[in-house]
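[1] Show me the folded form of this:
(one chain, ligands or ions: 2)
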Amino acid sequence: MEKRLKAVNHSLVGEIEVPGDKSISHRAVMFGSMAHGVTHVRHFLDGEDCMRTVKAFQAMGVSINKQGDELKIDGRGITNLKKPTEELDFGNSGTTARLMLGVLAGMKFNSTVYGDASLTKRPMDRVVNPLKKMGAKIDGAESGSYLPLTITGQPLIGIDYSLPVKSAQVKSAVLLAGLQAEGETIVRESNLTRNHTETMLQAFGASIKTEGLKTTVTNEKMLQGTDVYVPGDISSAAFFIVASAIVPGSKLTLKRVGLNHTRTGILDVIQKMGVRINILNEQMLGGESFGDIIVEAGELRSVTIEGDLIPRLIDEIPVLALLATQAEGTTVIKNAEELRVKETDRITAVTNVLNGLGASVEATADGMLIHGKTQLKGGKATSYNDHRIAMMSAIASLITEEDVIIDDISSIAISYPSFFEDLQRIK
Ligand SMILES: O=C(O)C1=C[C@@H](OP(=O)(O)O)[C@@H](O)[C@H](O)C1
Ligand SMILES: C=C(OP(=O)(O)O)C(=O)O
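    Numbers count the residues shown, from 1 in each chain. Ligands and ions are numbered 1, 2, ... in the order given. From the prediction side, this is the model:
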């Protein structure tokens, strides 16, 4: 579905509560299903990706009832999950695919999993390799590097594994397999990636311990259901944070947004760029902190985004690149090669879309150079069927001289089905 968007000629003012965090929503469904007893989830993200995870567990015999953004999960326990009634379709969801491989590897049954055209191109060997070291039997194209994959459930043994990629999905897959493995499973990271798996597993009663960059989990088949509140997704809030930062005179409040330190790189970067941020009403539930973020536009300057910061803002880089087009000087983004294996190659996609709208962006092997400040003109934008690229283009339209026409906005339902309603509310 194509969409034409017009610029605004006034500042943005108002309040938005973005939907629940995608990473936390996936994990709530998984751990609630694998636990014994009932788990209630509040402010669940009712997006296409998380629904893939819901459907996978329903196919394994778990009763999951959804009413609006609330879920009631009647957990079956890890050992009582049933052989799926069908091949599992993970759609566009990398998180579902990687984490579910860790769950399925140690089951007593066999399963087959597949995804859409984008997911079929994304690397699965990063997860399959450590799982094979644990004793898993996973078959598919190129030694199991790509979906579709067939998993022959096996007894697993713990490993001590150093992550070769900065990926929370790989870390989580190994930890979830570790719950079913004999002995200890240790995962070591070189950069801290999002830690929602570790935090939530603790709330479900797993014996898991993190010391610096090392996480250890032991066999735990008796997770206990608990209630989960899902804070707003900072990766979704990012679009409105940037909107508020690029439209002169704006002041937006984003209510109850997740503020887990492993996810707040965007707040550090935009403050360095000159955006004014205030955090109010900070609270903590289930080990996850959240609060209201107030964002006020200011004079923007360029920054360098690299190293340890990258995993803390990886999904926000497309919209941060848009922000950088409005900053004086050259913004350098490096060490972000992971962007090349997301829903699309996001380095190529962001460069092409922003240049098409009138920006000056150079792609590099592991990032981008964004020369600012440029007046964006507008015109056609390709979404590459990637939700984050489509939403970045929609936010760009707020400041273009002419309309922006996005070729297809359907991918936005992956992570933010109510995006245009929220955009309309502050426009
Ligand atoms: O664990 C997760 O929920 C996620 C981890 C990140 O992926 P990688 O683990 O591939 O970096 C992120 O890009 C993705 O949107 C969600
Ligand atoms: C990369 C993303 O998700 P996933 O890996 O789950 O497809 C994303 O939401 O930007």
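
[2] Please, where are all the strands along the stretch 251-400 of the chain?
    All strands of the stretch 251-400 of the chain, identified by DSSP state E, counting those that start in this stretch, fall at 251-258, 276-285, 288-296, 304-305, 329-333, 360-364, 367-372, 379-381.

[3] want to throw those into JSON lines with mean neighbour count?
    Glycine gets a C-beta too; all of them are placed from N, C-alpha and C. Formatted as JSON lines, those follow (neighbours: other C-beta atoms under 10 Å):
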{"stretch": "strand 251-258", "mean neighbour count": "21"}
{"stretch": "strand 276-285", "mean neighbour count": "12"}
{"stretch": "strand 288-296", "mean neighbour count": "20"}
{"stretch": "strand 304-305", "mean neighbour count": "21"}
{"stretch": "strand 329-333", "mean neighbour count": "20"}
{"stretch": "strand 360-364", "mean neighbour count": "16"}
{"stretch": "strand 367-372", "mean neighbour count": "22"}
{"stretch": "strand 379-381", "mean neighbour count": "18"}
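
[4] Identify the residues contacting the closest residue in space to residue 252 that isn't next to it in sequence.
    Leaving aside its chain neighbours, residue 252 sits nearest to residue 244 (4.0 Å; criterion: C-beta to C-beta, 6 or more residues apart in numbering). Residues in contact with residue 244 (C-beta atoms under 8 Å, 6 or more residues apart in numbering) are 12, 250-252, 275, 295-297.

[5] Out of those residues, which two sit at the greatest distance?
    Maximum pairwise distance among those (C-beta to C-beta): 13.3 Å, between 12 and 275.

[6] What separation is there between the residue nearest to residue 402 when sequence neighbours are not counted and residue 361?
    Excluding the flanking residues, the one nearest residue 402 by C-beta to C-beta, 6+ apart is residue 378, at 3.6 Å. Distance of residue 378 to residue 361, given as C-beta to C-beta, to the nearest Å: 16 Å.

[7] Contacts only, for the residue nearest to residue 402.
    With contact taken as C-beta under 8 Å, 6+ apart, residue 378 is in contact with 7, 357-358, 397, 400-404.

[8] In a markdown table: those residues, plus pLDDT, neighbour count and distance to ligand 2.
    Listed next are those as a markdown table, based on pLDDT from 0 to 100; neighbours: other C-beta atoms under 10 Å; distance: C-beta to the nearest ligand atom, whole Å:
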| residue | pLDDT | neighbour count | distance to ligand 2 |
| --- | --- | --- | --- |
| 7 | 88 | 17 | 26 |
| 357 | 98 | 25 | 21 |
| 358 | 98 | 17 | 25 |
| 397 | 98 | 23 | 20 |
| 400 | 97 | 20 | 24 |
| 401 | 97 | 12 | 29 |
| 402 | 97 | 14 | 28 |
| 403 | 97 | 14 | 26 |
| 404 | 98 | 26 | 21 |
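
[9] Quick one: these as TSV, columns for distance to ligand 1 too.
    Output for the contacts of residue 378, formatted as TSV (distance: C-beta to the nearest ligand atom, whole Å):
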residue	distance to ligand 1
7	29
357	24
358	28
397	24
400	27
401	33
402	32
403	30
404	24
